[in-house]
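Trainee: based on what follows, work out the 3D shape:
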Amino acid sequence: MEVKSVELIKEHDNNSEVVIGLVGATGTNLDQLKITIKEILTAFSYDVMEIRISSDIINKLRPIGALEGNYNKINALMSAGNELRRISKNNAILSMAASAIISSHREKEESGLPKPKSRKAYIIHSLKHPDEVNLLREIYTNGFYLIGVYSDEKRRKEYLVNHKSVLNEEAEDLIKRDAHEG
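Mentor: Predicted coordinates:
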């Protein structure tokens, strides 16, 4: 992975802004990938900012409140994300919010429009709907990269149980729910 990542950065205009979207099914551990991406980008003098769809967007637009247990929190965030898509009638609403966060960190040009930052990278964790990806591709064109991570059901269940303190039955429920939501 590191060789391809380094080649990707070398091919990219080294002064431009980069937006990286991460995709993985519920229970996929994306943390090590994020750490690796941050290390590589930092080595190329990029300032990296992470945008978490769950905490930075969903929980601010549709607060879930204090819930006991990670199962309840994950389940509530999934429901809140679906509710935001339904209410807005826009399956890309969460990507729109991520783009607004990116725009808010930019300086303004004389015209008042946001100006992309040089050597700035944004990692969006994690996208769940194809419309979210399509919107980011439309907005950021060649500056957008999508990384999908596959983890089999056994590993996702183990991650939820061992790292998120979710019971076996709850992990199975979350994985099934995610699979059925398309």
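Trainee: per-residue pLDDT of the residue nearest the centre of the chain, please?
Mentor: Residue closest to the mean C-alpha point of the chain, counted by Cα atoms, centre = their mean, is residue 125 at 1.9 Å. Per-residue confidence at residue 125 stands at 95 (pLDDT).
Trainee: verify the stated contact: it with residue 49.
Mentor: No - at 11.2 Å, residue 125 and residue 49 do not qualify as touching, with contact defined as Cβ atoms under 8 Å. The way it works is simple: take the backbone N, C-alpha and C, and place the C-beta from them, glycine included.
Trainee: follow-up on the earlier one: quick check, the residue nearest to the centre of the chain in a strand?
Mentor: Yes - according to DSSP: H, G, I helix; E, B strand; the rest coil, residue 125 belongs to a strand.
Trainee: so what sits opposite it in the bridge?
Mentor: Beta-bridge pairing for residue 125 (DSSP bridges): residue 22, residue 52.
Trainee: any stretches of this protein with poor pLDDT?
Mentor: In the predicted model of the chain, residues 1-14, 182 satisfy pLDDT under 70.
Trainee: which one's the longest helix in it?
Mentor: If you go by DSSP state H, the chain has its longest helix at helix 70-88.
Trainee: buried residues in that helix?
Mentor: For helix 70-88, the buried set under the neighbour-count rule, 16 or more other Cβ atoms under 10 Å, comprises 70-71, 73-78, 80-82, 84-85.
Trainee: again, but for stretch 151-162
Mentor: Under the neighbour-count criterion of 16+ other Cβ under 10 Å, stretch 151-162 has 151, 156-161 buried.
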